[in-house]
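based on what follows, work out the 3D shape:
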Amino acid sequence: MPTSSSASTTIPPTVWLARGHHAGPEAADEVVRTTLGRLDADGTVHSFLELPAADTPGHRVFEARWEVADTETVTVRARLVLTDRLAAEEAQRDPRHAAPHPGWDWVLAAEAERSWDPRWPSPAAFFWPADTQADWDHEPVTGLRYGALNDLPGEDKELRRVLRNARRDGWGVHVVVHEAMTPDARGRRPLAPMLPPSLRHRVVEHRAAPQQFRSVNWALREFGVQVPRGGAVVLPGTPAPPGYAESDFSVRSVFLDGSEPVELIGSVTAFVSLSKPLPDGAAEVLTALREDWHLVTMEEELNRQRELVAMYSQALEAMTASRDLYREAAERAHEALAVYREGEGDAADRPRPEHERPARPALPPASPRQSFARTFERLRDTAKSLRPGPVDDSTGASGAADGPVDGPAATRPPEGTPGTSGTPER
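Residues are numbered from 1 along each chain as shown. Reported below is the predicted structural model:
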């Protein structure tokens, strides 16, 4: 039997799923507790367990185990979760006004050691009583009952609402049957008792009166299916299973004379055997059944402990191998570091080539103001270097005595010479 969660998005072939609503006057947990106790006493149920309420706040959880007789004995495990609607609604209800208890919602998941056989007993029969007065077998979306004959409403608006809700349900199987003419008491027998046992608490039968033929098909047209006159059709549900075709699950004529509708039963059974996507919320329910299971035998507990020991042993071996690899890598790193340090010491004693010397750090870029100031200083220094300086007389006389002097001073005649600006000639 699988014990680990699956990443698959389809219902496993070993799993049976259903959900419902308990609207009876008695507390649902007490009804389940009484039923399990009676079946445990007569040996129908091998063992059962109720989880402490403190561990599951807002819910009541029951686990049970039994065996089914087939070509070989097959063990079935099942987990029922009850949710009190009153706990969810009491925060919104005015405490000054009394209101009837809204009932309990339930979800049931069962898994066998091999693929599920529709001929096996329904898991719901191990938790709920067979007495129909218990009022536990309501489909939660439409409010209709499993295993009963449910007449469609006469008002068109209400009829469309019921069929839309039936179309949205992905947990149950909804079948619409049209009466070609008003049947007698034998034709008013529900379909469920003639179905395989595992399907009796999963199928909801909708009956359409003869005059509702057009109204029903008008409502079903938006779902892409039609019911034949005097026939039946299995609704695809949401999400629809891959490969669903109306022609494969539509029966052209159903004789409502009390006889067994073999063709319709075959269509329902074939629809259930399709590989269907998990409905909303079913993945969590299946994970809880497989991974949060508490009702274990001594052999299962021993196998679980052995698996834990093997898992821990593998983890320890992996940690030891990782430690050895880390130690080896650290030793190699230390050796490489020592060689590097020795080479670095020898290189420090030799002058380094120009291309190996570190580059001088670049100066930060100057601001526009600094660039302008530096340019102005260079221009000022250039102007100072071009300006002529003052001439010293002593320097000029000594220069004339020492030798010829270039420039205007060298060509000027001495004073008293004719043609000069000295004393005028008479």
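
so where's the stretch 51-200 of the chain uncertain?
Applying pLDDT under 70 to the stretch 51-200 of the chain picks out residues 86-101, 132.

give me the pLDDT value at residue 222.
pLDDT for residue 222: 86.

kindly report the same for the one 10 residues further on.
On the pLDDT scale, residue 232 is placed at 96.

is it in contact with residue 180, as I believe?
No - with contact defined as Cβ atoms under 8 Å, residue 232 does not reach residue 180; the gap is 11.2 Å. (Glycine included, C-beta is placed from N, CA and C.)

between those two, which one's more packed in?
For the pair residue 232 and residue 180, the greater number of neighbours falls to residue 232 (26 against 15), based on other Cβ atoms under 10 Å.

residue contacts, that one?
Residue 232 makes contact with 175-178, 250-251, 254, 261, 264, 267 under the criterion Cβ atoms under 8 Å, 6 or more residues apart in numbering.

and if we set it to 6 Å?
Residue 232 makes contact with 175, 177, 251, 254, 264 under the criterion Cβ atoms under 6 Å, 6 or more residues apart in numbering.

ditto for residue 260
Contacts of residue 260 by Cβ under 6 Å, 6+ apart are residue 194.

that one in helix, strand or coil?
coil (DSSP: H, G, I helix; E, B strand; the rest coil).

kindly report the same for residue 160.
Residue 160 is classified as helix under three-state DSSP.

quick check: closest non-adjacent residue to it.
Spatial nearest neighbour of residue 160, excluding adjacent residues (Cβ to Cβ, 6 or more residues apart in numbering): residue 219 at 4.5 Å.

which residues in this structure form helices?
Along the chain, counting by DSSP state H, helices occupy 28-41, 85-89, 156-168, 213-220, 262-272, 282-291, 298-349, 368-386, 393-402, 408-411.

with mean neighbour count as extra columns, can I get these in TSV?
Below are those laid out as TSV (neighbours: other Cβ atoms under 10 Å):
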stretch	mean neighbour count
helix 28-41	17
helix 85-89	13
helix 156-168	17
helix 213-220	18
helix 262-272	17
helix 282-291	17
helix 298-349	10
helix 368-386	9
helix 393-402	10
helix 408-411	10
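
how about these in TSV, adding distance to residue 148?
Converted to TSV, those look like this (distance: least, Cβ to Cβ, whole Å):
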stretch	distance to residue 148
helix 28-41	19
helix 85-89	22
helix 156-168	14
helix 213-220	19
helix 262-272	16
helix 282-291	24
helix 298-349	39
helix 368-386	93
helix 393-402	139
helix 408-411	140
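
so for residue 103, which of these sits nearest?
Proximity to residue 103 (Cβ to Cβ) singles out helix 85-89 among these, at 5.7 Å.

and for residue 77, the neighbour number?
Other residues close to residue 77 by other Cβ under 10 Å number 21.

that one and residue 65 touch, don't they?
Yes - applying Cβ atoms under 6 Å as the test, residue 77 and residue 65 come out as touching, 5.4 Å apart.

low-confidence stretches in the stretch 201-350 of the chain?
For the stretch 201-350 of the chain (pLDDT under 70), the answer is 344-350.

let's see that with 80 instead.
300-301, 304, 343-350 (pLDDT under 80).

can you tell me the closest non-neighbouring residue to residue 26?
Per Cβ to Cβ, 6+ apart, closest to residue 26 is residue 134, 7.5 Å.

swap that for residue 167, please
Nearest to residue 167 is residue 223, by Cβ to Cβ, 6+ apart, at 5.2 Å.

so what's the residue count around the one you found?
That count, for residue 223 with other Cβ under 10 Å as the rule, works out to 18.

ok, it touching residue 168?
No - checked against Cβ under 6 Å, the pair residue 223 and residue 168 is beyond contact range at 10.2 Å.
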